[in-house]
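Engineer: what's the 3D shape of this:
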Amino acid sequence: MRFHQALPTGAYDVARYLSETGVWEFGLRRGAGGLRVCANRVGLAEYEVDYAAGPDPLEAGVLFQVVKIVIEAHPEQVLSGWLAGALPQCRVRDQPCEACSHELLRLAALSVQRSRAPSRSLWKERTFS
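Structural biologist: Model prediction:
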């Protein structure tokens, strides 16, 4: 899936991006401990992806780009709950999670590596219906 910038909303008050067909939204919002990187299906109140990025906008930008790479490796037609199961979940709610960051970097590197392979699709073997 690919995202393009959209107008911020109450749920994404810092930055908001929509998927090509408007099914998914992704972006940055303010949270208790600083900025948060989030994603969900448009119209659903609960975030499928929700990472504390801390108060530093530069660090939040790095986490945002890493998560974006991982999410964009998935087809847009994935069902609700798919991203929540495919990305690591942090156990500590309002502070950046080092274990999640390491796993997200690994997934991003894998996504980039596979996207450069000419005949292999990262999710070719899965069906999404």
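
Engineer: once you drop chain neighbours, what's closest to the residue most central in space within the chain?
Structural biologist: Centroid-nearest residue in the chain: residue 67, 4.3 Å away (criterion: C-alpha atoms, centre = their mean). Nearest residue to residue 67 in three dimensions, chain neighbours excluded: residue 37, at 5.1 Å (C-beta to C-beta, 6 or more residues apart in numbering). In short, each C-beta sits where N, CA and C put it, glycine included.

Engineer: what sits against that neighbour?
Structural biologist: Going by C-beta atoms under 8 Å, 6 or more residues apart in numbering, residue 37 touches 27, 28, 49, 50, 51, 53, 60, 63, 64, 67.

Engineer: repeat the analysis, applying 7 Å as the threshold.
Structural biologist: 28, 51, 53, 60, 63, 64, 67 (C-beta atoms under 7 Å, 6 or more residues apart in numbering).

Engineer: mind checking how far residue 8 is from residue 28?
Structural biologist: 9 Å (C-beta to C-beta, to the nearest Å).
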